[in-house]
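Quick one: sequence plus predicted model below, questions after.
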Amino acid sequence: MHHWYKDIILDITVLLVIICFALTLNSILEIILWVYSIMILATRLILLSSTFLKQKASKTSAPTYFYHILYFLNFSSFIYIQNYFLATIWGLIWVLSSYSHYKKSM
């Protein structure tokens, strides 16, 4: 049996960094989150348009609902601290991820 919790270590770490940022408004964490968020959004956009890269992308056995919960918490954290630019990026990441999962299940 594959343990999917090993697949989500980075995602949990990012959530913890976002929560730390929301509590402290540390400018270094903000820069890290901007870079990471833009990289994830760019990756989602590239994967959306490339069938070849979709096949090569790492697969996870984590349930889809887990990612919805994570993206909701990330998005909500940025809304809570009124950082609407990062909230928008994470909203787009969430929508693109949902679209990918929807398309995969068809």
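Perfect, I can see it now.

Can you list the residue ranges for helices in the chain?
9-24, 27-49, 51-56, 64-80, 84-105 (DSSP state H).

Now tell me which of those helices the model trusts least on average.
Mean pLDDT values for these show the minimum at helix 51-56, a mean of 62.

Output the helices of the chain as TSV; include the columns mean neighbour count and distance to His3.
(Glycine included, C-beta is placed from N, CA and C.) Putting the helices of the chain into TSV (neighbours: other CB atoms under 10 Å; distance: least, CB to CB, whole Å) gives the following:
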stretch	mean neighbour count	distance to His3
helix 9-24	14	11
helix 27-49	14	23
helix 51-56	9	23
helix 64-80	16	13
helix 84-105	15	21
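
And the nearest residue to Leu25 once chain neighbours are set aside, how close does it get to Tyr102?
Excluding its sequence neighbours, the residue lying closest to Leu25 (CB to CB, 6 or more residues apart in numbering) is Ile81, at 6.9 Å. Look at Ile81 and Tyr102: by CB to CB, to the nearest Å, they are 30 Å apart.

and if you look at Asp11?
For Asp11, the distance to Tyr102 - CB to CB - is 19 Å.

what does Tyr80 give?
Distance from Tyr80 to Tyr102, by CB to CB: 27 Å.

pull the CA atoms of stretch 64-83 into PDB?
The C-alpha coordinates for stretch 64-83 follow below in PDB (Å, rounded to 0.1, in the frame of the first residue of the first chain):
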ATOM      1  CA  THR A  64      -8.300  14.900  -4.500                       C
ATOM      2  CA  TYR A  65     -10.400  16.300  -1.600                       C
ATOM      3  CA  PHE A  66      -7.100  16.700   0.400                       C
ATOM      4  CA  TYR A  67      -5.800  19.200  -2.200                       C
ATOM      5  CA  HIS A  68      -9.100  21.100  -2.200                       C
ATOM      6  CA  ILE A  69      -8.800  21.500   1.500                       C
ATOM      7  CA  LEU A  70      -5.200  22.700   1.200                       C
ATOM      8  CA  TYR A  71      -5.900  25.100  -1.500                       C
ATOM      9  CA  PHE A  72      -8.900  26.400   0.400                       C
ATOM     10  CA  LEU A  73      -6.800  27.000   3.500                       C
ATOM     11  CA  ASN A  74      -4.000  28.700   1.500                       C
ATOM     12  CA  PHE A  75      -6.600  30.900  -0.300                       C
ATOM     13  CA  SER A  76      -8.400  31.700   2.900                       C
ATOM     14  CA  SER A  77      -5.200  32.600   4.700                       C
ATOM     15  CA  PHE A  78      -4.400  35.200   2.100                       C
ATOM     16  CA  ILE A  79      -7.900  36.600   2.100                       C
ATOM     17  CA  TYR A  80      -7.800  36.800   5.900                       C
ATOM     18  CA  ILE A  81      -4.700  39.000   5.900                       C
ATOM     19  CA  GLN A  82      -6.000  40.900   2.900                       C
ATOM     20  CA  ASN A  83      -3.200  40.000   0.500                       C
END
